[in-house]
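Novice: I would like to see how this sequence folds:
(2 chains)
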Amino acid sequence: MNTVVTVDDAHVRFGDAEAVDGVSLEVHAGEVLALVGESGSGKTTLVRAIQGIQSLSGGSIEVGKQRDVQMVFQDPTGALNPRHTIYEIVAEGLRIRRERADEKAKVATALSRAGLRPPERFMGLYPHEISGGQRQRVVIAGAMVMEPKVLLADEPVASLDASIRGEILALMRELVDESGLAIVAVTHDLGLAWNIADRIAVMYLGRIVEIGDTEEVLGGPQHPYTRALLSVVPEIDRMEPQVLTGEPPDPRKIPSGCRFHPRCPLVASGEAERLGILERCRGTDVALRVVSPTGSHHVACHAVDRSAT
Amino acid sequence: MTLLEVSDLTVTYRSRSGDVPAVRGVSLSVERGGSLGLAGESGCGKSTIAGAILRLLPPGTGVTGDILLDGDDVLAMNPGQLRAVRWTKTAIVFQGALHALNPVQRIARQISEPMLLHQTQPTKRSAATRVHELLEQVGLPPDRAGAYPHQLSGGQRQRVLIAMALACDPDLLIADEPTTALDVMVQAQVLQLLGSLRVERGLSMIFITHDLSVLTDVCDHLAVMYAGRIVEEGPSGTVFTDPQHPYTGALAAAFPTIGDPASRMRPAGLGGDPPDPAHLPTGCPFHPRCPVAEDRCATTDVRLTPIGGGIGGGLGADADGVRDRLAACVLVGST
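Specialist: Okay, here's the model as predicted:
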C-alpha cells in the first residue's frame, strides 16, 4: 500500500489543553478515511496538523510536499469570493504559487474532474450564477488544481441541503477511485462514513479509540463510545439509544485511567465492575489493540482487552 | 382534539423585483399531544409557515387562509391578543442559539423575561424559582442561571432556548432546526428532552428540519414540502420507509441506513437546486429534477391527493381503512 500520510505519536497542546494526545495513523493512496468524533475530540486539530498549519508539540507527521495536501472547507457560499469568476477562484492556488504555465489547461482539468463539464461553460460565471451543488464542486476544483495526493475535507456536506449531499459525496468517491487520491473526511456524520469511507477512525478527547474498515467498525463496533455514537443515529429500526449524559469532554481536564470512563455506559451500568475491570478503567490508561484477525480493526478499551485474554 | 388547524395558507413576500410566493396553499393540523414534522430543503417554505403561525413575518407580507389556534383565528387577532398568545400558547425555538440570545444578559434574566411580561409568575422571586425548575427540566445545572450565553456550550445554549420557550407553559412548541448545528450526542440529548416533554406535559410540537431521519424519530406525522406546498404526508415511519413521492424518496435516500448494503459506497442524491419561488417551473414544480418525470409532468399541476389502489394496492389505508397518506404526484398510483 502506498502511504501518503504518516502520523506518528502526534501531540498538539494549547496552553493546558491536550487537543491531540498521542495519535498514530497512516493514510493510503486511493482511500477515504473518515475521522469521526464530537467537538473537542481533536479531529479538526489533527487535520490542521496534517495540513501543516498547526505545529506539533510532540511526535511527527510526514506528508511529502506541502502542496500534496489540500483542504476543502465546508460552506461553499462563504468560501467563494462573490466578485471573482469561477476561473479566478480555481486558479487562485496556482497564482499564489506563481505557477503561470498552462494555467488555463490546469483550471479546465480541475473543473472537469470536479464534474463541471464542459469547463469552458463555467469559467466566466460568478458564484451566484451557479447552484449550491456546483459551488461546492468549485471549492473542490480549487483544491484539485494543485494536483494533491491528499484532500482534507472538514464536514464536507454538513451545510448542504439533503439532496446535494449525495451528489458531492459521489464526486469525492469518484475522485478517489479514478486517480488514487486519498481523502480524510472530518465529520460527525456516520452516514457519510457508510456512504463513502473505506476506513473510519473514532476520536475521543485527543485519541483514536477505535479504527478499522468501515464495515468492521460500523457493523461490529467494539468501543462503548463508538457503540453509543452509532446508537443515536436516528433511524427506524435501531439499537436502544444510549444517550451519553453530560457535555462534550473538555481537553483541559482529561480524566485519569481510560479517558472515557466518566461517561462510559459499561461503568455506569455496573458492567465494568462485574467484569472486574472497574479499577483499571479508572486508573490505567488504555492503548489501541488489534481485535480482528485481519489486523485492521483496533480498539482501546479495557473490557475488550479482558474478553480477548 | 385539534390544537392547531391551518387551512389553505398562502404567504407571499413582497420584494422590489415582485411578489415571491413562499407558501402556496398549505393545510395541516396538529392534535393535542401530537407532533408534526415539516421536512424540505432551504427555501421550501417550512420556516415561513412557522413565522406565519405566530405572525412573525415582515410587515406587508401577504398572508391568506386560516390559522386556528385552539379555536381562535390567529390572522384576525389584534396586537394585544397576539401578544397574549405568543409564549403562553405557542413558543418557537429558533435555530442558531447563539444569535437568538442576548449576549450581555445572564440567562436567568432572559428565561424569566417572558414570564414577567405575561405575568405567568407574579414576582421576580417566583420567576427565579421557575427558572431553576426549567433549567433542571432541560438538563442544565441550576447554578448556570447566572451565566452569560458565551460561557455556555452550543448544546447548553440550545437548551436555554428550549427552557425559555417552555417558560410560560405553552401548548404548542415550534422547533425550527433545533439541532442542526449540534454534535450527534448533544442532538440526541436535545431530541430525548423534547420527546420526554411531550410525554410528561402533553406538549404538542411542530418540528422543522431538512433531515428526514431526525423527524421520523420524534414525530408521529410527517409532511414533506417542496416549492411552497406539501408534496407528501402521512405517518412518519411509513413516509420515511415507503416514500411515494419521488422527492421524498430522494430526501430519504440522502440519509443512508448504516449497515444497509444498498447504500454502502453508493451515496444517493438529487441533482440541481430547489426552484426559485419567484420563478417556479410549470406543471409539477419538481419535474425538472425528478428522476421519473414524464412529458405530462411539465404541463399538469398536481395537488395533494390520497394514495390508494395503484402500485401498492392498499397503500395509504390503515387497519380501519382510513386513508391517511397523501401525495402530490401524477405518477403515484397511476401505474
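
Novice: CA atoms for contacts and neighbours, from now on please.
Specialist: Will do.

Novice: Any regions of chain B where pLDDT drops low?
Specialist: Residue ranges of chain B with pLDDT under 70: B:96-98, B:181, B:308-323, B:333-335.

Novice: got the residues of chain A near chain B?
Specialist: A:38-39, A:131-133, A:161-167, A:169-170, A:173, A:188-191, A:194-197, A:215, A:218-219, A:229, A:232-236, A:243-245, A:247-248 (C-alpha under 8 Å from any C-alpha of the partner chain).

Novice: number of nearby residues for residue B:324?
Specialist: The number of residues packed near residue B:324 is 16, by other C-alpha atoms under 10 Å in any protein chain shown.

Novice: contacting residues for whatever residue of chain B ends up closest to chain A?
Specialist: Closest contact between chain B and chain A, by C-alpha to the nearest C-alpha, is at residue B:269 (3.8 Å). Residues in contact with residue B:269 (C-alpha atoms under 8 Å, 6 or more residues apart in numbering or on different chains) are A:162-167, B:250-251, B:253-254.

Novice: Likewise for residue B:135?
Specialist: B:141-142, B:145, B:160, B:163 are the contacts of residue B:135 under C-alpha under 8 Å, 6+ apart.

Novice: Any quick PyMOL command for the buried ones out of the residues you listed?
Specialist: Buried residues among the contacts of residue B:135 (16 or more other C-alpha atoms under 10 Å in any protein chain shown), as a PyMOL selection:
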select buried, chain B and resi 145+160+163
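
Novice: Restricted to helices, list the contacts of residue B:135.
Specialist: Counting by DSSP state H, the contacts of residue B:135 place B:160, B:163 in helices.

Novice: coming back round to it: which one is the residue of chain B closest to chain A nearest to, not counting chain neighbours?
Specialist: Nearest residue to residue B:269, sequence neighbours excluded (C-alpha to C-alpha, 6 or more residues apart in numbering or on different chains): residue A:166, at 3.8 Å.

Novice: is it true that that neighbour touches residue B:268?
Specialist: Yes - if you go by C-alpha atoms under 8 Å, residue A:166 and residue B:268 touch, sitting 4.6 Å apart.

Novice: who touches both of the two?
Specialist: By C-alpha under 8 Å, 6+ apart, the residues touching both residue A:166 and residue B:268 are residue B:254.

Novice: How about the secondary structure of residue B:38?
Specialist: Following DSSP: H, G, I helix; E, B strand; the rest coil, we place residue B:38 in the strand state.

Novice: Bridging across strands, which residues link to it?
Specialist: Beta-bridge pairing for residue B:38 (DSSP bridges): residue B:208, residue B:223.

Novice: got a list of what it touches?
Specialist: B:46, B:206-209, B:215, B:222-225 are the contacts of residue B:38 under C-alpha under 8 Å, 6+ apart.

Novice: residue boundaries of the helices in chain A?
Specialist: Counting by DSSP H, chain A has helices at residues A:43-51, A:76-79, A:86-96, A:103-113, A:119-123, A:132-144, A:162-179, A:190-196, A:214-219, A:224-231, A:265-268, A:271-274, A:278-283, A:302-308.

Novice: who's in contact with the residue nearest the centre of chain B?
Specialist: Centroid-nearest residue in chain B, with C-alpha atoms, centre = their mean: residue B:208, separated by 2.5 Å. Residues near residue B:208 by C-alpha under 8 Å, 6+ apart: B:37-39, B:46-47, B:174-177.

Novice: Check residue B:172 too.
Specialist: Listed by C-alpha under 8 Å, 6+ apart, the contact partners of residue B:172 are B:3, B:89-91, B:203-206.

Novice: Make a markdown table from those and add distance to residue B:299 to it.
Specialist: What follows is the contacts of residue B:172, written out as a markdown table (distance: C-alpha to C-alpha, whole Å):
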| residue | distance to residue B:299 |
| --- | --- |
| B:3 | 37 |
| B:89 | 43 |
| B:90 | 40 |
| B:91 | 41 |
| B:203 | 43 |
| B:204 | 39 |
| B:205 | 37 |
| B:206 | 33 |
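
Novice: now, which of the residues you listed lie within strands?
Specialist: B:3, B:90-91, B:204-206 (DSSP state E).

Novice: ok, the residue of chain B closest to chain A to residue B:172 distance?
Specialist: 34 Å (C-alpha to C-alpha, to the nearest Å).
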